[in-house]
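Student: based on what follows, work out the 3D shape:
(chains A, B, C and D)
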Protein chains: 2
Amino acid sequence: MPPTPSTHPTRPTLQPRPPRHSDHGGTALAALAALLADPTRAAFCSALLDGRAWTAGELARHARVAPSTASEHLSRLIAGGLLAEERQGRHRYVRLASPAVATLLEDLTSFAESGGSGTSTPRSLGEATRLSAEARARTCYDHLAGRLGVAVADALLARGLVADEAGLAVTERGREWLAAQAIELPPRSGRRGARPVVRSCLDWTERRSHLGGALGAALFRTALDRAWVERIGSGRALRVTPDGGRALRELLGVEAP
Amino acid sequence: MPPTPSTHPTRPTLQPRPPRHSDHGGTALAALAALLADPTRAAFCSALLDGRAWTAGELARHARVAPSTASEHLSRLIAGGLLAEERQGRHRYVRLASPAVATLLEDLTSFAESGGSGTSTPRSLGEATRLSAEARARTCYDHLAGRLGVAVADALLARGLVADEAGLAVTERGREWLAAQAIELPPRSGRRGARPVVRSCLDWTERRSHLGGALGAALFRTALDRAWVERIGSGRALRVTPDGGRALRELLGVEAP
DNA sequence: GGGTCGTTTCGGCCCCCGCCGAACTGTGCC
DNA sequence: GGCACAGTTCGGCGGGGGCCGAAACGACCC
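Tutor: The predicted model follows:
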């Protein structure tokens, strides 16, 4: 598509313009990005990265906008395929449409927080404590992140349960260990392009990788089921329970952060 | 961070408003997305996904905007860390700032083209032929994509040069094969978070994975160096040369698409 | 039935931002 | 020096879109 010389005959100014682009790539990209380009919509998505379903009103209060505003934003996000909704009585529950959306958001956030110029500092005490709690341990859609997530990832690697030989993979020892702990991985579908078992996910507080993918999700689910961790408040922050501290120490040699 | 009830005392309308958000997550995300939310800027990035450096004027003509408009867009993209510039005489060359940016753009584009609602149909004959050429073989920043990219990825897997055991990895046989072809992989840095050797990259025309990462880049570089493929025009489309057709058949049993 | 509450639709305001042309700077080439 | 060309800066225009409040709708609970 060789660039053509720009011939811009001066047109009467108020005439309806002919379509600008014959689309030289990027309109779909722009449309998707536009969904996330608004601070309020971005805040919605960011909140939903905790992996749970929120009601429209909760999101509105969270982002400090009027319910009417939130309603419109949600409709756009759903129409764009980023969110899925579920109506229950007079409530409208929304959640991220798929793990793929979560991955996309994580990647974008990670790049935005670290790749983009300087590190920003928190603006209020409340925000600082929230950030500190989240830095210690939090969810990343459906797996662990924060210092806890990084520590677990490090331990799995150090003990040879996961290997980093030209791509992350669960080792034979890792498979045995998982079986011994009765942690189940979903059966591996032969299809390439399916969800990877182990996915490295860059953490924006630690600037280190932790484990996503099916393994990360299975570990987190197990940890929640066995009450090793529990959620704090309505955000993404987590607390390690006494039982959890013991389990981490005995199974992986990890001290809860 | 419990949502607080919205108390919105009616204020005199023209008064400067207090800052809306105390940032409940997402402003950095929104700022990054805003860079890509404009069709012109998105077109720039999409064009730059061919991995080469373009001048400001080339991009302006490509996207059909005035040079002044392009100049402003480029400054914003550079300030946002998405592009890098290099001045040469009276030319301003820009390219994607890093492979990480390319990955991000690929992921977004892939999601936007497939995940978002229906498949769009090309609007003109020129666009259709361009799309057809790109579907056959094209670059994806620094590696192969399109039917050719998918075919090569399939062949590598079928011949056991790359394995998909819980994460893609180059096999021992693969390493030998690469050495025999004198294709060099960059030395593996022990650091997790460094560029993965093999990365699965979803293709928006084929809806199939092809190979990115350092291996994908090395293969593509080799193919260009040995004139197995050459670029068509200024876009991302590629042509397989006769030499290239022979090499693909003999080395991998792949028929050029 | 009446009150409350979560959500939606609508109208209107205002700001942001992408666009251009014109004028200017600076480089390269005769 | 003079011309051509790449890029930048600036002023101004116009439209899109985010925001709100008011009003309507429907679910739920007395």
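Student: gap between A:Glu250 and A:Asp243?
Tutor: 11 Å (C-beta to C-beta, to the nearest Å). Any C-beta I mention is one placed from the backbone N, CA and C, and that applies to glycine too.
Student: actually A:Leu29, not the one I typed
Tutor: Counting by C-beta to C-beta, the gap from A:Leu29 to A:Asp243 is 46 Å.
Student: who has more neighbours out of these two?
Tutor: A:Leu29 (26 against 12; other C-beta atoms under 10 Å in any protein chain shown).
Student: secondary structure element holding that one?
Tutor: helix A:27-36 (DSSP states H and E).
Student: and the contacts of whichever helix or strand comes after that helix?
Tutor: Once the chain leaves helix A:27-36, the next helix or strand it forms, by DSSP H and E, is helix A:39-48. Here helix A:39-48 makes contact (C-beta atoms under 8 Å, 6 or more residues apart in numbering or on different chains) with A:35-36, A:54, A:59, A:62-63, A:65, A:69-70, A:73-74, A:76-77, A:82-83, A:94-96, A:105, A:109, A:235, B:20-21, B:23-27, B:29-30, B:33.
Student: check whether helix A:39-48 comes near DNA strand C.
Tutor: No. Helix A:39-48 lies out of reach of DNA strand C by C-beta under 7 Å from any atom of the strand, never closer than 10.1 Å.
Student: ok, now which ones touch A:Ala56?
Tutor: A:Pro67, A:Ala70, A:Ser71, A:Leu74, A:His91, A:Arg92, A:Val94 are the contacts of A:Ala56 under C-beta under 8 Å, 6+ apart.
Student: quick check, pLDDT for A:Pro196.
Tutor: On pLDDT, A:Pro196 comes in at 65.
Student: secondary structure element holding the closest residue to chain B within chain A?
Tutor: In chain A, no residue comes nearer to chain B than A:Arg61, which is 3.0 Å away by C-beta to the nearest C-beta. Under the criterion of DSSP H and E, A:Arg61 resides in helix A:56-63.
Student: is that helix in proximity to DNA strand C?
Tutor: Yes. Residues of helix A:56-63 contacting DNA strand C under C-beta under 7 Å from any atom of the strand: A:Ala56, A:Gly57, A:Glu58, A:Ala60.
Student: could I get those residues in CSV, plus columns for pLDDT?
Tutor: Listed next are the residues of helix A:56-63 next to DNA strand C as CSV, based on pLDDT from 0 to 100:
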residue, pLDDT
A:Ala56, 95
A:Gly57, 95
A:Glu58, 93
A:Ala60, 95
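Student: ok, so of the residues you listed, who is nearest DNA strand C?
Tutor: Nearest to DNA strand C among those: A:Gly57, at 2.4 Å, using C-beta to the nearest atom of the strand.
Student: how close does the closest one get to A:Phe44?
Tutor: In terms of C-beta to C-beta, A:Gly57 sits 12 Å off from A:Phe44.
Student: shared neighbours of those two, which are they?
Tutor: A:Ala70.
Student: show me what contacts A:Leu49?
Tutor: The neighbourhood of A:Leu49, defined by C-beta under 8 Å, 6+ apart, consists of A:Leu96, A:Ala102, A:Leu105, A:Glu106, A:Thr109, A:Thr139, A:Cys140, A:Tyr141, A:Arg236.
Student: nearest to A:Gly149, of the residues you listed?
Tutor: Checking the contacts of A:Leu49 against A:Gly149 by C-beta to C-beta gives A:Cys140 as the nearest, at 6.9 Å.
Student: got the phi and psi for that closest one?
Tutor: Main-chain dihedrals, A:Cys140, degrees, to the nearest 10: phi -130, psi 80.
Student: name whatever forms a beta bridge with it.
Tutor: With DSSP bridges as the criterion, A:Cys140 is bridged to A:His143.
Student: my read is that it contacts A:Val150, right?
Tutor: No. In this structure, A:Cys140 is not within contact of A:Val150 by C-beta atoms under 8 Å, at 11.0 Å.
Student: those two: which is more packed in?
Tutor: Between A:Cys140 and A:Val150, A:Cys140 has the larger neighbour count (other C-beta under 10 Å), namely 27 against 21.
Student: now do the helices in chain A.
Tutor: Using DSSP state H, the helices of chain A run over A:27-36, A:39-48, A:56-63, A:67-79, A:99-110, A:125-136, A:146-158, A:172-180, A:213-225, A:242-252.
Student: can you show me the CA trace of the fourth one as CSV?
Tutor: As requested, C-alpha coordinates have been extracted for helix A:67-79 and formatted as CSV (Å, rounded to 0.1, in the frame of the first residue of the first chain):
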residue,chain,number,x,y,z
PRO,A,67,-25.5,5.5,38.3
SER,A,68,-26.7,6.8,35.0
THR,A,69,-23.2,7.3,33.8
ALA,A,70,-22.1,3.9,35.0
SER,A,71,-25.0,2.3,33.2
GLU,A,72,-24.0,3.8,29.9
HIS,A,73,-20.4,2.8,30.3
LEU,A,74,-21.3,-0.7,31.1
SER,A,75,-23.5,-1.0,28.0
ARG,A,76,-20.6,0.1,25.9
LEU,A,77,-18.2,-2.3,27.5
ILE,A,78,-20.6,-5.2,27.1
ALA,A,79,-21.3,-4.3,23.5
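Student: next, the buried residues of it.
Tutor: Buried residues in helix A:67-79, defined by neighbour count with 16 or more other C-beta atoms under 10 Å in any protein chain shown: A:Ala70, A:His73, A:Leu74, A:Leu77.
Student: would you mind pulling the contact partners of it?
Tutor: With C-beta under 8 Å, 6+ apart as the test, helix A:67-79 has contacts from A:35, A:38, A:40-41, A:44-45, A:56-57, A:59-60, A:63, A:65, A:83-85, A:92, A:94, B:6, B:117.
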